[in-house]
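[1] Give me a 3D structure for the following:
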Amino acid sequence: MSTGARLAIRELTFSQALNEAIRLEMRRDPAVIVMGEDIAGAAGRAHLGMVDAWGGALRATRGLITEFGPQRVLDTPISEMGFVGAAVGAAMTGLRPIVEVMFVDLVGCCYDQLMNQAAKMHYMTGGQVRMPLVVRMAYGTRGGKPQTYGGGAGAQHSQTLYSVLAHIPGLKVVVPSTAYNAKGLMISAIRDDGPVIVMEHKFLGAAAKGNVPEEPYTVPIGHSEIVRRGSDLTLCGIGRMSHVCLEAAQELEASGISAEVVDVLTLAPLDENTILESVRRTHRIVVVDEDTPTASMARDIAARVAEQAFDWLDAPVKTVNAPETPVPFAAVLEAQYVPTAERVLDAVHELIG
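    From the prediction side, this is the model:
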């Protein structure tokens with residue numbers, strides 16, 4: 001990002017920031033195309049003057065077809081296997097596809113294309129084939145107080161499955177948490193020559209507003225960010241859970257406990273150093289993850305801390321996850337399902353007393 005000129009900065013939502021990142025990169029590079037279900041609006045007919053009303057699960061592609069037309073903004077059939085496979089082939093031939101799999105719950109429909117094709121093509125060809133592919137997926141539960149909404153998206157549209165993707169060598173997995181890093185990580189993902197999964201929490205779309213420069217800029221893939229300094233313990237959050245950690249840290253401050261908050265922006269490759277350095281300063285850690293516990297990123301981070309920073313720990317590593325059940329539909333049950341600041345506080349008090 002240029003530092004010589006004064007930058008115009010506005011407040012954007014998470015979805016608006018993603019939209020701006022994609023739009024800027026499509027203007028910069030004619031090889032960038034967009035594919036997915038309902039991404040164009042009005043079934044791809046907005047360029048003919050019809051209402052451009054949809055724009056994907058987070059509305060992040062709204063308006064793109066009006067500017068770039070149906071040759072670069074492609075509404076696809078409801079076949080993740082087909083259009084993700086097509087995007088893999090397009091990337092192999094020199095295009096830079098951005099493909100939206102509407103919800104991460106649908107990854108099972110295109111897992112072979114991601115696991116056995118996109119992730120391995122560069123390796124299996126000895127580096128001769130590049131795979132500049134971005135796959136966007138919405139994830140997560142609504143959370144919050146049940147009286148504020150009627151119900152969630154149910155067990156098949158609310159899961160947090162980024163650990164399944166982070167497990168695959170060859171895939172990079174990023175999880176933006178704010179409008180600012182959503183734009184920067186999306187631009188980094190589009191410019192990367194390998195496959196990048198961008199996990200977008202569906203309920204940060206309108207909620208995570210923030211100041212965003214008009215210029216293109218990048219947030220590096222493979223880094224975490226310390227978003228609050230503290231001395232008594234580390235709270236480590238992923239995506240929307242970073243906001244939960246910040247909420248818990250504010251409440252802890254009122255009781256005299258200083259919590260440092262690490263926002264884990266990339267799951268693969270994971271920035272171990274930032275997390276370990278924080279633990280060496282604070283000597284305690286709670287990892288907060290919206291996924292279910294078994295084989296989760298929370299448990300993976302906990303294992304890495306226990307293995308590499310054991311001598312600095314003054315207490316066992318704690319994890320806060322969703323329970324080992326499918327996501328419930330009813331609002332009152334979903335509010336109990338998702339990790340909350342109160343549950344983080346309980347974990348902290350178990351560590352500190």
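
[2] What strands flank the longest strand seen in the chain, and is each parallel or antiparallel?
    Assignment by DSSP state E gives strand 96-103 as the longest strand of the chain. Strands adjacent to strand 96-103 in the sheet, as given by DSSP bridges, are strand 32-36 (parallel), strand 134-139 (parallel).

[3] looking at those strands, which is buried most?
    Comparing those by mean neighbour count (mean count of other Cβ atoms under 10 Å), strand 134-139 ranks first with a mean of 26. Just so you know, the C-beta spots here come from the backbone N, C-alpha and C atoms, and that holds for glycine as well.

[4] and that strand, C-alpha only, in CSV?
    What follows is strand 134-139, C-alpha atoms only, in CSV (Å, rounded to 0.1, in the frame of the first residue of the first chain):
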residue,chain,number,x,y,z
VAL,A,134,-9.4,-18.6,-4.8
VAL,A,135,-12.3,-20.5,-3.2
ARG,A,136,-14.7,-18.5,-1.0
MET,A,137,-16.8,-20.3,1.6
ALA,A,138,-19.2,-18.9,4.2
TYR,A,139,-19.3,-20.6,7.6
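
[5] So for it, mean pLDDT?
    Mean pLDDT, strand 134-139: 97.

[6] do the same with stretch 270-284
    On average, the pLDDT along stretch 270-284 is 98.

[7] And it, what's buried?
    270, 271, 274, 275, 276, 278, 279, 281, 282, 283, 284 (16 or more other Cβ atoms under 10 Å).

[8] quick one on the thing from earlier: give me the distance between the longest strand of the chain and the centre of its chain.
    From the chain centre to the centre of strand 96-103 is a distance of 13 Å (Cα atoms, centre = their mean, to the nearest Å).

[9] Equivalent analysis for stretch 260-270, please.
    11 Å.

[10] Just the CA trace of it, in PDB.
    Taking Å, rounded to 0.1, in the frame of the first residue of the first chain, the C-alpha atoms of stretch 260-270 are listed here in PDB:
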ATOM      1  CA  GLU A 260      -3.700 -10.400  25.300                       C
ATOM      2  CA  VAL A 261      -5.700 -11.300  22.200                       C
ATOM      3  CA  VAL A 262      -4.200 -13.000  19.200                       C
ATOM      4  CA  ASP A 263      -6.400 -13.000  16.000                       C
ATOM      5  CA  VAL A 264      -5.400 -16.100  14.000                       C
ATOM      6  CA  LEU A 265      -5.900 -14.800  10.400                       C
ATOM      7  CA  THR A 266      -4.300 -17.800   8.600                       C
ATOM      8  CA  LEU A 267      -4.800 -21.400   9.600                       C
ATOM      9  CA  ALA A 268      -2.600 -22.900   6.900                       C
ATOM     10  CA  PRO A 269       0.200 -22.100   7.100                       C
ATOM     11  CA  LEU A 270      -0.300 -21.300  10.800                       C
END
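
[11] Mind listing what's buried along that stretch?
    Result for stretch 260-270 [16+ other Cβ under 10 Å]: buried residues 260, 261, 262, 263, 264, 265, 266, 267, 268, 270.

[12] Which element is encountered next along the chain beyond the strand or helix carrying residue 236?
    Assigned by DSSP states H and E, residue 236 belongs to strand 233-237. Sequence-wise, the next helix or strand downstream of strand 233-237 (DSSP H and E) is helix 240-254.
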